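Trainee: Just the structure for this:
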Amino acid sequence: MEPPKGPPGVGHCMRSFEPYLEANHRVENPVVHISLNPSPKDKLSDEQLERIAREYLKKLGYGNQPYIIYKHEDIGRPHLHILTTCITEQGRKINDFRIWKRSWSICRHLERKYGLHPAEKQDYSYRQLTAVDYKASDLKRQIANVVKGVLQQYRFQSLKEFKAVLGLYRVTLEEIRGQAAGKDYAGVVYAATDEKGNRVGLGIKSSSIGKSTGLPALQRKIGMNKGWLTKHPPSPELRQTIAEALRFAPTKEAFVDTLKTRNIDAVLWQNDAGHLYGVTYIDHRSRCVFKGSALGKECSATAINRQYHPLEYGDTHSLEQEDRHTARDGMSLSVAMLDLFTFESYPHPFLEDPEPRNPYGRKKKKKKKGRQL
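Mentor: Below is the predicted model of the structure:
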């Protein structure tokens, strides 16, 4: 279905799909999206990429279907996106049972046939991550590389911890929630930051980077990471390293620099007044991220405040008070302040009136009916 003049447009492509989509309305997901990612070492022309994609579709069982093949270079290397439909011209659905397994076998066959470098997931997962340069023209590609790299390399247990690792490479995230057309929506937007950690430029929707970077995928990954870290708790050596650095470093800046020399990053969360209300530790050796209080009170934000501001915190935040409140409620005041900005928020025991108040005043107690003894 070639157009009479010029290359096909979006409308022309949509019309080529319509007869197939109209043949069966019962299929929930009639459109199939496939991504083919050759190794960066393979230098392939557009004609070679097209030939490989067509052969891939034919072997997968989609050779007689309408399809669109287009090339992207937004992740620093050429790769292909393919759109097709699983509904045949007769209205039957193509069998997609274990399609991922058949796809894997076809890709290995094509690598051997065309002399391509075999796929090695570890080369991508553990590649060197570099900080984003917000002044460069390929900003989206840089942010995508950092986000995907951090997701594959580090284990974190909250969006706050994920944001802490991204910040090392001058990327930040913002959770977006709202309502449109009577329906609730939630998502994630990524953006670059400057040298001071301030957001610069426009945000990039997670959907434009990949499904694995969206909010549902992040929540699933956080759940899996929590399960893994429960079985693999932080090592005593990590706690000891942090505690020793805190004991001997004369300033907060020296404390952070000392940990850097031991392959640990400490991200200090401070408000506009300079008050430290939380700390996140990133252990690059184990590639795990921990909230300070999760490692023990000697690594918490309260311990850092007491070490470098003894007059302000020495008397009002004694160890006995912290032990009592932590044992009773499982967190300290500084941790509670941090948790206000996470999904794990809950009322803090230090509040004078923890019970929610009725905006119309206290409810009167109803008298019980019946005989009074």
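Trainee: Quick one: mean pLDDT for the helix or strand in which Q219 is found?
Mentor: Using DSSP states H and E, Q219 maps to helix 215-231. The pLDDT scores in helix 215-231 average 93.
Trainee: Residues contacting that helix, please?
Mentor: 151, 155-159, 162, 175, 186-188, 206, 211, 288 (Cβ atoms under 8 Å, 6 or more residues apart in numbering). No exception for glycine: its C-beta is placed from N, CA and C like everyone else's.
Trainee: So, low pLDDT: which residues of the stretch 251-373 of the chain?
Mentor: Counting by pLDDT under 70, the low-confidence segments of the stretch 251-373 of the chain come to 314-373.
Trainee: Which residue ranges of it form strands?
Mentor: Using DSSP state E, counting those that start in this stretch, the strands found in the stretch 251-373 of the chain span residues 264-270, 276-283, 288-291.
Trainee: in the host helix or strand of Y190, what's buried?
Mentor: In the assignment (DSSP H and E), Y190 maps to strand 183-193. Across strand 183-193, burial judged by 16 or more other Cβ atoms under 10 Å covers V188, V189, Y190, A191, A192, T193.
Trainee: Show the pLDDT at the first one.
Mentor: V188 is assigned 92 on the pLDDT scale.
Trainee: residues in contact with it?
Mentor: V188 is in contact with L173, E174, E175, I176, K205, S206, T213, G214, L215, L218, counting by Cβ under 8 Å, 6+ apart.
Trainee: Check the last one too.
Mentor: In this structure, T193 makes contact with V132, Y134, G167, R170, V171, T172, R199, V200, judged by Cβ under 8 Å, 6+ apart.
Trainee: related to what we said a few turns ago, out of the contacts of helix 215-231, who's nearest V31?
Mentor: For the contacts of helix 215-231, the residue nearest V31 by Cβ to Cβ is K211; the value is 14.2 Å.
Trainee: ok, how many other residues are close to that closest one?
Mentor: By other Cβ atoms under 10 Å, the residues close to K211 number 10.
Trainee: How about it, nearest residue that isn't a chain neighbour?
Mentor: Nearest non-adjacent residue to K211, counting by Cβ to Cβ, 6 or more residues apart in numbering: A217, 6.2 Å away.
Trainee: give me the number of residues near that neighbour?
Mentor: Neighbours around A217, by other Cβ under 10 Å: 15.
Trainee: same deal with L268?
Mentor: 17.
Trainee: May I have the beta-bridge partners of it?
Mentor: When bridges are called by DSSP bridges, L268 pairs up with V279.
Trainee: Start at 504, not 1
Mentor: In the new numbering, first residue 504, that becomes L771.
Trainee: Spit out the contact partners of it.
Mentor: Taking Cβ under 8 Å, 6+ apart as the criterion, L771 is in contact with K755, V759, L779, G781, V782, A804, I807.
Trainee: give the contact list for the last one.
Mentor: By that I understand I807. With contact taken as Cβ under 8 Å, 6+ apart, I807 is in contact with L749, K755, F758, L771, L779, V782, G795.
Trainee: For T587, pull up the helix or strand it's in.
Mentor: Secondary structure (DSSP H and E) places T587 in strand 582-588.
Trainee: Which elements pack onto the very next helix or strand once past that strand?
Mentor: Counting by DSSP H and E, the element after strand 582-588 in chain order, helix or strand, is helix 602-617. Applying 3 or more Cβ pairs under 8 Å, 6 or more residues apart in numbering; DSSP states H and E, one finds that helix 602-617 contacts helix 549-563.
Trainee: Touching the helix it packs on from outside, list them.
Mentor: In contact with helix 549-563 (Cβ under 8 Å, 6+ apart) are residues 537, 539, 541, 547, 566, 568, 570, 572, 574, 581, 583, 585, 587, 602, 605-606, 609-610, 612-613, 617.
Trainee: Can you turn the buried part of the residues you listed into a PyMOL selection?
Mentor: Here is the PyMOL command that selects the buried residues among the contacts of helix 549-563 (16+ other Cβ under 10 Å):
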select buried, resi 537+539+541+547+568+570+572+581+583+585+587+602+609+610+613
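Trainee: so what strands line up beside the strand holding Y693?
Mentor: Strands adjacent to strand 686-696 in the sheet, as given by DSSP bridges, are strand 674-683 (antiparallel), strand 702-708 (antiparallel).
Trainee: can you redo the contacts of V691 as TSV with distance to K800 and neighbour count?
Mentor: Formatted as TSV, the contacts of V691 follow (distance: Cβ to Cβ, whole Å; neighbours: other Cβ atoms under 10 Å):
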residue	distance to K800	neighbour count
L676	29	23
E677	31	13
E678	29	14
I679	35	14
K708	40	13
S709	36	22
T716	34	23
G717	36	16
L718	32	17
L721	29	20
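Trainee: Same list (the strands of the stretch 754-876 of the chain) but as TSV, adding distance to N532.
Mentor: Output for these, formatted as TSV (distance: least, Cβ to Cβ, whole Å):
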stretch	distance to N532
strand 767-773	40
strand 779-786	38
strand 791-794	35
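Trainee: Spit out the contact partners of R765.
Mentor: If you count contacts by Cβ under 8 Å, 6+ apart, R765 has them with T744, A748.
Trainee: what do you get if the cut-off is 10 Å, keeping everything else the same?
Mentor: Applying Cβ atoms under 10 Å, 6 or more residues apart in numbering to R765 gives the contacts L741, T744, I745, E747, A748, D786, H787, R788.
Trainee: Filter those down to the ones in helices?
Mentor: Using DSSP state H, the members of those that fall in helices are L741, T744, I745, E747, A748.
Trainee: List only those of those residues flagged as buried.
Mentor: Among these, those buried by neighbour count (16+ other Cβ under 10 Å) are L741, T744, I745, A748.
Trainee: State the number of residues packed around H575.
Mentor: When neighbours are counted by other Cβ under 10 Å, H575 registers 13.
Trainee: If it is in a bridge, with which residues?
Mentor: Beta-bridge pairing for H575 (DSSP bridges): H582.
Trainee: Look up how far H515 lies from it.
Mentor: From H575 over to H515 the distance is 21 Å, taken as Cβ to Cβ, to the nearest Å.
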